[in-house]
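Peer 1: below are the sequence and a predicted model for it; my questions follow.
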Amino acid sequence: MAGLIKREDIDEVRQRTDIKEVVDGYVTLKGAGLGSFKGLCPFHDERSPSFTVRPQVGRYHCFGCGEDGDAISFVQKLDHTSFHEAVEKLAARIGFELRYEDGGSGPNREDTGRRQRLLDAHKVADEFFRAQLLTPGATEGRNFLHGRGFDRGAAEQFGVGYAPQGWDSLLKHLRGRGYTDSELKLTGMFSEGGRGIYDRFRGRLIWPIRDIAGDTIGFGARKLYEDDQGPKYLNTPETALYKKSQVLYGIDLAKRNIAKERQLVVVEGYTDVMACHLAGITTAVATCGTAFGTEHIKIARRLLSDDGSGGEVIFTFDGDAAGQKAALRAFEEDQRFVAQTYVAVEPNGADPCELRQSKGDSAVRDLIGTRRPLFEFAIRATLKRHNLDTVEGRIGALRESAPVVAQIRDAGIRPAYARELAGWLGMPVEEVSRAVGAAAKRATQGPSGGSGHRGPGQGYAPAAGGGAPARSAPGVAPLPPSAVLPSFNRPDPRDPVAAMERQALEVALQEPAMLEGETWQRFSEARFSTPAYLAIHEAIRATGLAFTGDPLRWVEGLLQEVPEPLRPLVSELAVVPLPASTAEGVQRYCKDILARLFELQITRVKADKMGQLQRLDASADPEDFQRLNRELMQLEVQRRSLRSDA
């Protein structure tokens with residue numbers, strides 16, 4: 001079982017990872033001054049690039065939407081992984097072996113190497129299948145796609161390929177690329193007989209199944225020929241890479257839009273995913289030969305940021321009995337979501353692929369647009385099992401449907417559906433409401449009448465309208481009622497003093513080596529007047545010069561020291577391009593900015609001493625009068641020296 005990764009190893013991964021190389025895998029970056037790079041932000045739509053990466057300090061910042069962080073947080077957000085998974089991924093990327101606390105362990109080098117070999121084999125196979133779709137032998141596969149409204153562009157977009165009819169076409173190809181039979185047995189792409197291994201997929205249309213990071217981990221294959229005795233759809237079996245309960249087809253293509261639009265559409269097949277995406281429903285995914293279960297829900301919740309602030313999950317099912325059964329099974333899992341769950345069923349039983357083929361893209365969009373709440377569908381499906389023309393049938397329907405209404409999380413909607421149910425049953429509202437209330441009470445009480453256990457997704461929520469205070473997360477002490485986080489106004493860029501202080505902090509964060517020796521003493525003694533910049537300056541003083549030789553750790557240390565509301569500003573100051581195109585130019589710019597900061601400080605001190613001098617009676621305090629004059633002369637010499645150096 002994996003334990004906590006050692007703190008020093010996390011720091012080492014952060015230190016040794018080139019953030020530009022990581023970001024380059026997602027964003028096209030171009031130079032934006034010495035040591036800075038810019039590209040279109042992956043977190044929001046924009047026409048001109050405002051997403052800035054500064055490898056020297058290991059951070060990124062978007063000046064459009066405010067997203068910021070380091071290589072670990074970037075992988076977390078873009079690949080929708082946990083912090084632990086992101087660190088492990090980056091460690092594997094640089095070949096660094098992590099250590100774990102509490103006797104735990106992580107993937108060792110041997111396991112990591114084996115996994116990479118499997119991923120590489122799948123990548124080679126993926127390319128092989130796609131190339132085969134363009135050969136004369138794949139005519140039947142191309143006809144299948146064309147018959148369902150998919151052209152060559154669609155096939156390329158989704159990576160659709162073709163497995164030749166021979167027994168060892170893929171086998172020979174992978175052997176030729178250096179893979180051993182013992183390795184190939186682990187991929188799930190081959191079956192084994194008396195004469196050894198042979199291709200599992202033969203004479204079939206192939207869809208690559210990819211994980212959330214975009215790596216191919218398995219394949220789905222559709223039968224094309226009548227003499228194929230296998231099932232209509234044949235998937236990769238369970239392997240070290242492919243766990244069908246944790247896989248969603250199309251998640252690599254849909255993840256960004258799911259997170260952006262807070263919507264997840266669950267369809268039933270590969271062609272349905274293709275049809276939805278081509279019709280503009282780019283949040284569609286499908287399970288791979290299994291029901292939408294607990295592990296799928298974990299993926300969905302992570303993508304949706306399922307925290308009660310909106311979002312919707314839409315299930316599409318065939319209108320037949322099997323489709324209704326699947327919808328009701330999905331309703332059983334509904335309570336695991338905070339997002340609202342819906343169902344979209346085409347009245348004539350057409351799936352999204354058939355709907356697009358017969359009526360066009362707009363019909364697919366209309367299907368999703370006419371979604372109904374899943375609990376409404378569940379109630380009506382329950383009523384269909386009873387003869388509502390008889391008293392016995394209506395009583396039975398009430399007994400079975402009242403618990404369904406009782407499961408509705410939203411206390412404001414539940415009474416409304418109780419009234420709807422009363423109308424559908426033709427029964428008094430009071431009688432139906434009592435039945436729903438009794439069902440809700442039974443669900444929250446144990447056999448002895450005590451409090452029952454909380455179901456999935458039914459944890460503590462913040463009190464609304466002044467109720468009991470929300471409970472803190474496990475292991476986190478709640479803030480006392482009087483505790484208030486400090487707030488800081490955004491400094492006014494038109495204020496020349498604020499602008500001067502900002503430029504000085506940019507130099508301090510990005511070129512900390514400039515602060516050594518006497519310069520550090522002057523910088524630490526400088527007086528900042530802008531509240532936000534003053535707090536950052538105090539954090540710099542508190543951090544000291546421990547990491548000035550290492551800009552990345554220097555910025556990380558400051559981020560831990562400043563008040564949390566200021567962390568985005570620190571990140572911004574650390575990555576904004578300095579106005580210089582050469583190393584010598586950067587040195588000159590930094591010296592000039594620091595000289596101007598110190599000159600400003602001298603001017604302030606001189607003003608204070610001039611005030612003291614004017615208030616002083618020279619005849620009564622001749623010694624103080626002479627001392628102040630000497631100090632003013634020394635300050636003027638310092639000021640002129642700074643100007644000369646600058």
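Peer 2: Received, thanks. Since the model is a prediction, treat every value here as computed from it, not as a measurement.

Peer 1: what sits against T81?
Peer 2: For T81, the contact set (CB atoms under 8 Å, 6 or more residues apart in numbering) comprises V75, K89, I212, A213. Any C-beta I mention is one placed from the backbone N, CA and C, and that applies to glycine too.

Peer 1: my bad, R365
Peer 2: A279, G280, I281.

Peer 1: show me where pLDDT drops low in the stretch 351-500 of the chain?
Peer 2: Low-confidence segments of the stretch 351-500 of the chain, defined by pLDDT under 70: 444-487.

Peer 1: show me where it has its helices.
Peer 2: All helices of the stretch 351-500 of the chain, identified by DSSP state H, counting those that start in this stretch, fall at 352-359, 361-369, 374-383, 391-406, 414-425, 429-444, 496-510.

Peer 1: nearest to R16 among those helices would be which one?
Peer 2: Of all the helices of the stretch 351-500 of the chain, it is helix 496-510 that lies closest to R16, at 19.9 Å by CB to CB.

Peer 1: now the very next helix or strand once past that closest one, how far from the chain's geometric center?
Peer 2: Downstream of helix 496-510, the first helix or strand assigned by DSSP states H and E is helix 518-525. Offset of helix 518-525 from its chain centre (CA atoms, centre = their mean, to the nearest Å): 41 Å.

Peer 1: elements contacting helix 518-525?
Peer 2: Packing partners of helix 518-525 (3 or more CB pairs under 8 Å, 6 or more residues apart in numbering; DSSP states H and E): helix 531-543, helix 583-615.

Peer 1: repeat the analysis, applying 10 Å as the threshold.
Peer 2: Packing contacts for helix 518-525, counted by 3 or more CB pairs under 10 Å, 6 or more residues apart in numbering; DSSP states H and E, involve helix 496-510, helix 531-543, helix 583-615.

Peer 1: got the angle for the very next helix or strand once past the second one vs helix 531-543?
Peer 2: Just to be clear, that refers to helix 531-543. Downstream of helix 531-543, the first helix or strand assigned by DSSP H and E is helix 551-561. Helix 551-561 runs at 110 degrees relative to helix 531-543, counting by axes from the mean of the first three to the mean of the last three CA atoms, to 10 degrees.

Peer 1: in helix 551-561, what counts as buried?
Peer 2: Within helix 551-561, the residues scored as buried using 16 or more other CB atoms under 10 Å are P551, L552, R553, W554, V555, E556, G557, L558, L559, E561.

Peer 1: check stretch 234-241 too.
Peer 2: Applying 16+ other CB under 10 Å to stretch 234-241 flags L234, N235, T236, T239, L241 as buried.

Peer 1: so where's the stretch 201-350 of the chain uncertain?
Peer 2: Across the stretch 201-350 of the chain, the ranges flagged by pLDDT under 70 are 305-310, 318-339.

Peer 1: comparing the helices and strands packed on helix 518-525 by mean pLDDT, which bottoms out?
Peer 2: Averaging pLDDT over each of the helices and strands packed on helix 518-525 singles out helix 583-615 as the lowest, with a mean of 77.

Peer 1: rewinding a little: tell me the one of the buried residues of helix 551-561 nearest L515?
Peer 2: W554 (9.8 Å).

Peer 1: distance check, the closest one against Y533.
Peer 2: 17 Å (CB to CB, to the nearest Å).

Peer 1: so which bits of stretch 494-506 are buried?
Peer 2: Using 16+ other CB under 10 Å as the test for burial, stretch 494-506 gives A498, M500, E501, R502, Q503, A504, L505, E506.

Peer 1: please produce a markdown table containing those, extended by distance to R365.
Peer 2: Formatted as a markdown table, those follow (distance: CB to CB, whole Å):
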| residue | distance to R365 |
| --- | --- |
| A498 | 49 |
| M500 | 54 |
| E501 | 52 |
| R502 | 47 |
| Q503 | 50 |
| A504 | 54 |
| L505 | 49 |
| E506 | 47 |
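
Peer 1: wait, which of the residues you listed is closest to E101?
Peer 2: Nearest to E101 among the buried residues of stretch 494-506, with distances taken as CB to CB, is L505, at 35.5 Å.

Peer 1: do I have it right that that closest one meets F528?
Peer 2: Yes: assessed by CB atoms under 10 Å, L505 is found in contact with F528 at 8.4 Å.

Peer 1: ok, L78 to G58 distance?
Peer 2: Counting by CB to CB - L78 and G58 are separated by 16 Å.

Peer 1: so between these two, which is more surrounded?
Peer 2: Between L78 and G58, counted using other CB atoms under 10 Å, G58 has the larger neighbour count: 27 against 21.

Peer 1: which phi and psi does that one have?
Peer 2: Phi and psi for G58, reported as degrees, to the nearest 10, are phi 70, psi 30.
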